[in-house]
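[1] one predicted model, sequence on top.
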Amino acid sequence: MVLGKGDSLFLGFVKLIYSFTQNRQESSSEETQITEWSILPEEPLAGDVLTIQGKTKPNTVTNISVSFSRPVKVNNGSYEYLFENLPIPKGKNRFDVMSSPVKNLNFIVRMFVDFKRSFESNDGVAKFTDENVPPGSYDIVINGEAMDGEEEVKLEFTALQTIMSDNEGIFYFNYETNALPCGDFTVRAGNAEKKITLREIS
């Protein structure tokens with residue numbers, strides 16, 4: 001059973017209730033100034049938990065984001081990408097997806113029923129943003145129709161989590177990689193940015 005974009009009332013209700021239960025810390029539109037930070041392990045393998053820690057001003061909201069892009073083969077005019085058991089941690093969050101060159105994009109969350117939202121492209125680019133997703137592990141399918149004649153589409157992902165530094169300005173966040181593909185990633189903490197490569201286990 002698939003619920004379409006006009007029928008996802010239950011999922012929207014769950015997200016609304018979840019947002020009310022969280023501390024009223026909003027993601028900041030201004031980039032937090034980071035004085036020092038690190039990502040461990042420095043050369044992560046698939047399945048590792050990334051420890052992102054650093055220092056900023058005390059009791060300051062900080063946005064942590066992980067982003068990457070991957071090519072996806074087109075089969076009979078369609079494309080599809082699957083996240084299996086994608087962990088969503090507790091707290092304020094946002095999940096952005098962009099695909100191109102495509103006619104449309106479907107974002108499907110597999111729970112006890114499938115919740116589906118569909119988006120038409122604009123000049124071959126389709127975008128989707130979701131936020132305040134309740135914590136848990138989800139199977140997420142991203143698919144749609146590619147532009148005519150295309151053999152490959154590009155998918156771009158960004159997962160953002162909002163955290164608060166402590167009284168000494170220290171922030172700490174664990175990011176699981178078990179559902180992510182190997183390859184290059186960009187990790188941002190406030191105004192700081194690092195590039196990492198997730199490698200296969202040999």
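    Happy to help now that I have it. Numbers count the residues shown, from 1 in each chain.

[2] from here on, contacts and neighbour counts on C-alpha atoms
    OK.

[3] need the pLDDT of the residue lying closest to residue 90 once chain neighbours are set aside.
    Residue nearest to residue 90 in three dimensions, not counting chain neighbours: residue 135, with 4.9 Å by Cα to Cα, 6 or more residues apart in numbering. Residue 135 is assigned a predicted lDDT (pLDDT) of 81.

[4] tell me who's in contact with the spatially most central residue of the chain.
    For the chain, residue 159 is the residue whose C-alpha lies nearest the centre (Cα atoms, centre = their mean; 2.4 Å). By Cα atoms under 8 Å, 6 or more residues apart in numbering, residue 159 lies in contact with 65, 66, 67, 93, 94, 95, 96.

[5] distance of the residue nearest to residue 90 relative to residue 152?
    From residue 135 across to residue 152, the span is 32 Å (Cα to Cα, to the nearest Å).

[6] those two: which is more packed in?
    Neighbour count, other Cα atoms under 10 Å: between residue 135 and residue 152, residue 152 has more, with 19 against 14.

[7] contacting residues around that one?
    Residue 152 makes contact with 71, 72, 73, 74, according to Cα under 8 Å, 6+ apart.

[8] let me see the contact set for the residue sitting furthest away from the middle of the chain.
    Computed with Cα atoms, centre = their mean, the residue of the chain farthest from its C-alpha average is residue 149, at 28.9 Å. Contact partners of residue 149, counting by Cα under 8 Å, 6+ apart, are residue 77.
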